[in-house]
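Undergrad: sequence-free structure coming up:
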Ligand SMILES: [Ca+2]
Ligand SMILES: [Ca+2]
Ligand SMILES: [Mg+2]
Ligand SMILES: [Mg+2]
């Protein structure tokens, strides 16, 4: 019965391996718990600093309001000529990061009375929906008659390519109609992660560009 | 001199705007400081949990050592047939995350005496160099004569495509020669971010695959 002994040894080894696998699974559960705790603590740090940053964002908005056309200048690289005309009436931009990371963020554009639309605030918001999928929604814009810039983009061949021979850029306002690809919204991410953290550097870079353009045009 | 008055008002406005810009810059510096503090606190949380996870990783390694061929089975999807033969001698894998995030991480592969190479441990390490660029280095492998698997890959047409008609995979060991693209080392990231956090699921998935293959081969 050396064959039986051999089988018993093999069975014994299988049993020990099975037990080891079950114990690895238990240890793995402990590691998973620590990972969750780490994520929660990191979220709390982020929430704390979101609160601490808030008064500085408020102060920054007050100072920005003293500079005419600050925001339209800062974001002008994203705009075509007609967008720039409409965004002369943009008085304030702010980005709200929601408490829970899953709740996402919201970008608010505040406007003075203007000849383009009736909205005081136009917003676009990004969050995860109930099934965990990225999702976005935007304020419907109440355009004044004949002023809808999303219907003009590329519609006027005379204007297209007018500015320094470049192709006319799609209207910035089309972004508020496009809530389809919330998981990869490049413009939302540029505003939240690049421009909002330091709009002054975009403003100053854009001012220098404009000065250079003006000099160029004088030649 | 209404023209002079006008110029003075304009100059006054320019001065106020210049002051506002300087103040925005000061506020921005405060925001930047808070961002740095937030990063430091988050790093401390990560360091704390790295320490707390350590004993569980140690316990997990002890349990894994009781299962023959655990690691070669877990990573077998990354291997060609000759790699798998050499990695029968792989006894332990561990990933060290260095204290400072800039110092990166190191993956260690521990081996029993084996007919392929003399090394007891083969490592690959990722860190940021002095100029902040991603950089990597790896242990030179002391291959035994005629056993260098990095020189065999694709060199034997008879063996290529032998396994279920698939094209022979490049040797896993070539990874230790390739320290050129440290910023986008896919294999390093798969091991650190996917396999190391939960190797059991890779082991079990691979075992199921092998069982399915064996059944398939019996048909
Ligand atoms: Ca522009
Ligand atoms: Ca394989
Ligand atoms: Mg303004
Ligand atoms: Mg083993």
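TA: Good, I have the coordinates. Not measured: the values here are computed from a predicted model. Ligands and ions are numbered 1, 2, ... in the order given.

Undergrad: which residues sit against the helix or strand hosting residue A:122?
TA: When elements are assigned from DSSP states H and E, residue A:122 belongs to strand A:121-128. Strand A:121-128 has contacts (CB atoms under 8 Å, 6 or more residues apart in numbering or on different chains) with A:98, A:102-111, A:134-139, A:141, A:175-176, A:179, A:182, A:185, A:188. (C-beta placed from N, C-alpha, C; glycine too.)

Undergrad: Among the residues you listed, name the buried ones.
TA: Buried by 16 or more other CB atoms under 10 Å in any protein chain shown: A:104-107, A:109-111, A:135-136, A:138, A:141, A:175-176, A:182, A:185, A:188, out of the contacts of strand A:121-128.

Undergrad: which one of the residues you listed is nearest ligand 2?
TA: residue A:182 (37.9 Å; CB to the ion).

Undergrad: show me the contacts for that closest one.
TA: A:126, A:134-136.

Undergrad: Point out the least confident one among the residues you listed.
TA: On pLDDT alone, residue A:134 ranks lowest of the contacts of residue A:182, at 86.

Undergrad: Am I right that that one is in contact with residue A:179?
TA: No: Residue A:134 lies out of contact with residue A:179 (CB atoms under 8 Å); the separation is 10.4 Å.

Undergrad: which is the next helix or strand following the helix or strand that contains residue A:21?
TA: Using DSSP H and E, residue A:21 sits within helix A:2-64. Note on helix A:2-64: by DSSP H and E, the next helix or strand toward the C-terminus is helix A:70-74.

Undergrad: Can you list the buried residues in the helix or strand following that next one?
TA: Once helix A:70-74 ends, the next helix or strand along the chain (criterion: DSSP H and E) is helix A:81-86. Using 16+ other CB under 10 Å as the test for burial, helix A:81-86 gives A:82-84, A:86.

Undergrad: Please parse chain A into its domains.
TA: A:1-57, A:65-218 (automatic domain parsing).

Undergrad: got TSV for those domains, with distance to ligand 2 too?
TA: Shown next, in TSV, are these (distance: least, CB to the ion, whole Å):
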stretch	distance to ligand 2
domain A:1-57	21
domain A:65-218	33
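
Undergrad: and these, which is most packed in?
TA: domain A:65-218 (a mean of 15; mean count of other CB atoms under 10 Å in any protein chain shown).

Undergrad: Is that domain in proximity to ligand 1?
TA: Yes: using CB under 5 Å from the ion, domain A:65-218 comes into contact with ligand 1 via A:76, A:79.

Undergrad: returning to that earlier point: what is the nearest of the buried residues of helix A:81-86 to chain B?
TA: residue A:84 (19.2 Å; CB to the nearest CB).

Undergrad: Against residue B:189, how distant is the closest one?
TA: Per CB to CB, to the nearest Å, residue A:84 is found 42 Å from residue B:189.

Undergrad: Repeat that for residue A:200.
TA: Counting by CB to CB, the gap from residue A:200 to residue B:189 is 35 Å.

Undergrad: any idea how far the strand holding residue A:122 is from the chain center?
TA: 9 Å (CA atoms, centre = their mean, to the nearest Å).

Undergrad: What pairs with it, parallel or antiparallel?
TA: Sheet pairing of strand A:121-128 (DSSP bridges) gives strand A:105-111 (antiparallel), strand A:134-138 (antiparallel).

Undergrad: And the contacts of the shortest one?
TA: Residues outside strand A:134-138 that contact it (CB under 8 Å, 6+ apart) are A:122-129, A:175-177, A:179, A:182-183, A:185, A:188.

Undergrad: what residues does chain A put near chain B?
TA: Residues of chain A lying near chain B by CB under 8 Å from any CB of the partner chain: A:16-17, A:20-21, A:23-25, A:27-28, A:30-32, A:34-35, A:37-38, A:41-42, A:45-46, A:49, A:52-53, A:56-57, A:59-60, A:63-64, A:66-68, A:197-198, A:200, A:204.

Undergrad: Mean confidence (pLDDT) on stretch A:103-119, please.
TA: On average, stretch A:103-119 scores 94.

Undergrad: Endpoints of it, how far apart?
TA: Using CA to CA, to the nearest Å, the end-to-end distance of stretch A:103-119 comes to 24 Å.

Undergrad: Residue A:50 contacts residue A:98, doesn't it?
TA: No: judged on CB under 8 Å, residue A:50 makes no contact with residue A:98 at a distance of 9.2 Å.

Undergrad: gap between residue A:140 and residue A:98?
TA: In terms of CB to CB, residue A:140 sits 22 Å off from residue A:98.

Undergrad: ah, wrong one, I meant residue A:124
TA: 14 Å.

Undergrad: shared neighbours, these two?
TA: With CB under 8 Å, 6+ apart as the test, residue A:124 and residue A:98 both reach residue A:106.

Undergrad: Could you pull up phi and psi at the nearest residue to residue A:86 once chain neighbours are set aside?
TA: Nearest non-adjacent residue to residue A:86, counting by CB to CB, 6 or more residues apart in numbering or on different chains: residue A:116, 4.5 Å away. Reported as degrees, to the nearest 10, the phi and psi values for residue A:116 are phi -100, psi -50.

Undergrad: Contacts only, for residue A:116.
TA: So residue A:116 contacts A:86, A:89, A:143-144, A:147, A:149 (CB under 8 Å, 6+ apart).
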